[in-house]
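# just coords:
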């Protein structure tokens, strides 16, 4: 399974997660079974609040799930419309967030979990 995590750097598994999905400078993609890592620059990092385009930001790179510390309502709706499950983590690094995902400790992001303003 390919997991997408919004990060503040391109440091791979040691990168710190961005506190907000759509404004992350990078997306770190991790194959959960093999540990293979790919880092993409977020081409849509600068956008008006509420106008996040997560699929455009990812460059339409296939992923199976998103693990993040937070996201907006619009981003969550677009991810769900395209079959991407989003999960919340309290961790600050990619490796620890992926570990939580693998162990089934993360819960799905609900609309009540999204930022509202």
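Yep, that arrived. This one's a predicted model, so the numbers in the text were calculated from it and none came from an experiment.
# alpha carbons only for contacts and neighbour counts from here, please
Fine.
# go ahead and confirm residue 5 touches residue 96.
No - in this structure residue 5 lies outside contact range of residue 96 using CA atoms under 8 Å: 11.4 Å.
# ok, and what's touching stretch 26-40?
Stretch 26-40 has contacts (CA atoms under 8 Å, 6 or more residues apart in numbering) with 1-10, 12-13, 41-42, 58, 63, 94, 98, 102.
# give me the buried positions along it.
Neighbour-count burial for stretch 26-40, counted by 16 or more other CA atoms under 10 Å, picks out 26-31, 37, 39-40.
# for the residues you listed, work out which two are farthest apart.
26 and 31 (16.4 Å; CA to CA).
# can you pull out the strands in this protein?
2-7, 26-31, 37-41, 65-68, 85-88, 107-108 (DSSP state E).
# show me where the protein has its helices.
54-57, 73-81, 94-102 (DSSP state H).
# which other helices and strands does the second one contact?
Which is helix 73-81. For helix 73-81, the packing partners by 3 or more CA pairs under 8 Å, 6 or more residues apart in numbering; DSSP states H and E come out as helix 54-57, strand 85-88.
# can you check the last one too?
Contact analysis of helix 94-102 by 3+ CA pairs under 8 Å, 6+ apart lists strand 2-7, strand 65-68 as its packing neighbours.
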